[in-house]
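**Q** Sequence first, predicted coordinates after that:
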Amino acid sequence: MSLIHVKIDISGIVQGVGFRPFIHKLAMRHGLSGFVKNTTFGVEIELSGIPDAVSDFIRDLKKDSPPLAFIDSINVEVLPFPADFSGFSIIPSSADNDKTALVSPDIAICEDCLAELFDPENRRYRFPFINCTNCGPRFTIIKDVPYDRAETTMSGFSMCELCRDEYSDVENRRYHAQPDCCESCGPALFFCGADGQKIRGDAIKTAKQYLLDHKIIAIKGLGGIHLACLPDRDTALSLRFLKHRDEKPFALMCKDLDTAKKLCIISKDEERLLESPMRPIVLLKKRADSLEHISENGYLGIMLPYTPVHYLIFDGGIIDTLIMTSANIADLPICFKNDDAVRSLAGIADGFLLHDRDIFTRCDDSLVWCFDKKEYPVRRSRGYVPFPVKVSKNVGPILACGAEQKASFALSKGSFVFPSQHIGDLKNAETLKHYEEQILHFEKLFDINPKLIACDLHPDYFSSVYADEKSSELCVPLVKIQHHHAHMASCMADNNLSSPCIGIIWDGAGYGEDGTTWGGEFLVGDLSQFSRMGSIRPIALPGGDLAVKEIYRIGLSLLRDAGISSHDIFDHETRDVIFKMLDSGFNCPRSSSIGRLFDGVCAILSLRETVSYEGQGAIILESIASETDKLYPVSFYAQDGIDIIDFRDMIRGIVSDISHGTENSVISAKFMNTLVESAVHVCASLRKKAGLSDVVLSGGVFQNMYMLKRLIKKLSDIGFSVHHHSRVSTNDEGICLGQVMIANEMGWL
């Protein structure tokens, strides 16, 4: 039978995931000769063999590819000339001008490597950097593509003879595993005291003893450095004080699933996420009202070990749970360099468990809910980035600069949008520098030269200022996009929607087209345009931005607006001064923010007078809510063609409940039920006006699981198709995706 010669180009995540070894074995199984190599677009294969064998090869290629691979496209070309191959081989990578290869995220240690880690007969027994083609560092060590050792931070570690033999053996699990190494040729783990000087002896043993002595240590991981300690009250409070993290919850790392189940109620779907190769922090319901020094609300953020170092620390059973929080001072980026960590964490960390494999790209832990049987991202980072979001249409080379809080950016190319990892709030020079560096890194990694830049409409966001400067530097157009329209478009793209729909966009704040602060919006539109069709009654914020922290001011504002001049349960010493400000309108900007409404109700219930982090008031209200279907009265009115939810009757009802001794748990539930019912009412009205039945939900308020579940059910029950996020965050971190999609619709590319 005559032979055929074919060329196969494959794009997707096909580098750093054992794809070439898989191809090699598959070709040998089917008796084919040829070669495979990495390129800057993915993987290129040339094959020679009988036609049936080639067809079977392509079938099995699609069916049996490695678990961490993602095939986006396969292009097969039959070549007109014969080939004279001698067997099948992996040949050196080629670098073309156009880079379209995708890069794998960092992946947790696999079961095979974990078994070897604790096998005394294995030559990598207790080796802290054990990895193979199915696990280990990827994104955080890659400098450029194609993915070869020379383009990673492993380039300085030359393989020993044994590792080289494994790397060259097609039957070995480490065949062409770029970070492959062992005790003889790989990175070294070491422990330093508080002064940064190395301490002799077993680094893991020393670290464990420090932890057992209730000390705080810094542990270098895949994408950065953690601060770790035992979760007892005194040690945790000491860490809070030293890190300036007054009340924001800490994440916990549990040694295994059984340990996590002692702390939280965990569903099968949550188990799957906890044990997935991505190993995110999963927000889980507490079993008891305990560990308030870890989390003041009803949830704990828990992750399982994902590096060999983590497993070695937990080995022996003495330690089963650790606080594991980003090693940084509040609002600064996570530390990822050894010297910087020793310097910046002086006075916080009592010791440092470090190693000499450099991290090229810092990347925080991802944080997710499990909702509707899949991830519902709060922070999309390690394990997920730089995996792209594939959208339903081709998009041009666009840079979307995101917002300011929970900042991220996105670059686009073809059918892919590449959202960045979590950057943090753009409040200082250090975070802005990190943001700018990562934009340049992504542009290089994915070979994207932006021809259009998008940013938030707010003129004072650092991201907007950066976008303006970059557009001038590159001489490309800049488009400014309204914050809530970007949220809406983000959820549409997350669900591959393009037709007009209703968007319920509830968050803390966004710059409105009328120059005021929006945040409780009902939009009607698509990716190209929108109309603001509904909102809530604006709330006066006495003191402006000060009211966002001192939320008692918002509570007093809500009372005054509802005609309640005295309220013994909430009789703040500055009440009369605040009331005078409200009556005169002096320094009292108005906002339609649902987030501020939550803050005000939290204050009225005397749960908090001030907050120490964004969304704290809303989190507290959700955590105390009981199960009830009761509601408060609300009314609606139209203003300039916009349906307005008037919550003043609700505020009066809340005060009445307080005076009658109703539990805060019931009041909180009634408050949130009323918001849900109000949203359903407005959507029903908009359906009559616009004839639309698709609803997208976006904005930070929809991190509230109590409201999210109820709103989806209520809307679905009356015939709406309701769409929520699953690939990017519902909070401001996700709006860069929406900015890309809106900018692309403008036809400037």
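**A** That came in fine, so what should we check first?
**Q** Got the domain ranges for this structure?
**A** 4-90, 103-382, 388-493+733-742, 502-723 (automatic domain parsing).
**Q** and the ones you listed as CSV, adding mean neighbour count?
**A** C-beta coordinates here come from the backbone N, C-alpha and C atoms, glycine included. Below are the domains of the chain laid out as CSV (neighbours: other C-beta atoms under 10 Å):
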stretch, mean neighbour count
domain 4-90, 18
domain 103-382, 19
domain 388-493+733-742, 22
domain 502-723, 19
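**Q** Which one, of the ones you listed, ends up nearest to residue 749?
**A** Nearest to residue 749 among the domains of the chain is domain 388-493+733-742; the distance by C-beta to C-beta comes to 3.5 Å.
**Q** next structured bit after the biggest helix by length in the chain?
**A** Ranked by residue count under DSSP state H, the longest helix found in the chain is helix 664-690. With elements assigned by DSSP states H and E, the helix or strand that comes after helix 664-690 is strand 694-698.
**Q** Just list what that next one packs against, helices and strands only.
**A** helix 483-494, strand 501-511, helix 705-717, strand 721-723 (3 or more C-beta pairs under 8 Å, 6 or more residues apart in numbering; DSSP states H and E).
**Q** roughly how far out does it sit from the chain middle?
**A** Taking C-alpha atoms, centre = their mean, to the nearest Å, one finds the center of strand 694-698 at 20 Å from the center of the full chain.
**Q** Low-confidence stretches in this structure?
**A** The chain contains residues with pLDDT under 70 at 1, 95-100, 566-571.
**Q** all helices of the stretch 501-650 of the chain, in order?
**A** In the stretch 501-650 of the chain, helices defined by DSSP state H, counting those that start in this stretch lie at 546-549, 552-561, 575-584, 594-604, 616-624, 648-659, listed in chain order.
**Q** from the chain's centre, how far out does the shortest one sit?
**A** Using C-alpha atoms, centre = their mean, the mean C-alpha position of helix 546-549 is found 26 Å from that of the whole chain.
**Q** Please apply the same query to the longest one.
**A** Between the mean C-alpha point of helix 648-659 and the mean C-alpha point of its chain there is a distance of 37 Å (C-alpha atoms, centre = their mean).
**Q** before we move on, what about the second one?
**A** On the basis of C-alpha atoms, centre = their mean, helix 552-561 sits 34 Å off its chain's mean C-alpha point.
**Q** got the angle between that helix and helix 616-624?
**A** Between helix 552-561 and helix 616-624, the angle comes out at 80 degrees (axes from the mean of the first three to the mean of the last three C-alpha atoms, to 10 degrees).
**Q** Identify the residues contacting helix 552-561?
**A** With contact meaning C-beta atoms under 8 Å, 6 or more residues apart in numbering, helix 552-561 is reached by 537, 539-543, 546-547, 565, 567, 570, 572, 575, 578-579, 582-583, 588, 596-597, 599-604, 609-610, 647-648, 651, 655.
**Q** re earlier: figure out which of the helices and strands packed on strand 694-698 is closest to residue 240.
**A** Evaluated over the helices and strands packed on strand 694-698, closeness to residue 240 peaks at strand 501-511, with 23.6 Å, by C-beta to C-beta.
**Q** What is the closest one packed up against?
**A** helix 483-494, strand 517-525, helix 594-604, helix 664-690, strand 694-698.
**Q** quick one, the third one and helix 616-624 angle?
**A** I take that to be helix 594-604. Inter-element angle recorded for helix 594-604 and helix 616-624: 70 degrees (by the same axes, to 10 degrees).
**Q** which strands and helices sit next to helix 594-604?
**A** strand 501-511, strand 517-525, strand 539-540, helix 546-549, helix 552-561, helix 616-624, helix 648-659, helix 664-690.
**Q** Between the helices and strands packed on strand 501-511, which one is closest to residue 26.
**A** In terms of C-beta to C-beta, the element of the helices and strands packed on strand 501-511 nearest to residue 26 is helix 483-494, at 34.2 Å.
**Q** Please give the centre-to-centre distance between stretch 728-745 and its chain.
**A** That offset, for stretch 728-745, works out to 13 Å (C-alpha atoms, centre = their mean).
**Q** ugh, wrong one, stretch 616-632
**A** On C-alpha atoms, centre = their mean, the centre of stretch 616-632 falls 25 Å from that of its chain.
**Q** can you give me the end-to-end distance of that stretch?
**A** Distance across stretch 616-632, first residue to last, is 23 Å (C-alpha to C-alpha, to the nearest Å).
**Q** Contacts for that stretch next, please.
**A** Counting by C-beta under 8 Å, 6+ apart, 247-248, 296-299, 551, 595, 598-599, 601-603, 605, 607-608, 611, 649-650, 653-654, 663-666, 668-674, 677, 701, 704-707 sit against stretch 616-632.
**Q** Dump stretch 392-410 to PDB, restricted to CA.
**A** Provided in PDB are the C-alpha atoms of stretch 392-410 (Å, rounded to 0.1, in the frame of the first residue of the first chain):
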ATOM      1  CA  SER A 392     -17.600  33.200  20.100                       C
ATOM      2  CA  LYS A 393     -16.100  35.700  17.600                       C
ATOM      3  CA  ASN A 394     -12.700  36.800  16.400                       C
ATOM      4  CA  VAL A 395     -11.300  39.800  18.200                       C
ATOM      5  CA  GLY A 396      -8.500  42.100  17.200                       C
ATOM      6  CA  PRO A 397      -5.300  42.900  19.100                       C
ATOM      7  CA  ILE A 398      -6.800  44.900  22.000                       C
ATOM      8  CA  LEU A 399      -5.400  45.800  25.400                       C
ATOM      9  CA  ALA A 400      -8.100  46.200  28.000                       C
ATOM     10  CA  CYS A 401      -6.800  47.900  31.200                       C
ATOM     11  CA  GLY A 402      -9.600  46.900  33.600                       C
ATOM     12  CA  ALA A 403     -10.600  48.900  36.700                       C
ATOM     13  CA  GLU A 404      -8.800  50.000  39.800                       C
ATOM     14  CA  GLN A 405      -9.900  47.700  42.600                       C
ATOM     15  CA  LYS A 406      -9.100  44.000  42.100                       C
ATOM     16  CA  ALA A 407      -7.300  45.200  39.000                       C
ATOM     17  CA  SER A 408      -6.500  42.900  36.100                       C
ATOM     18  CA  PHE A 409      -6.000  43.500  32.400                       C
ATOM     19  CA  ALA A 410      -6.700  41.400  29.300                       C
END
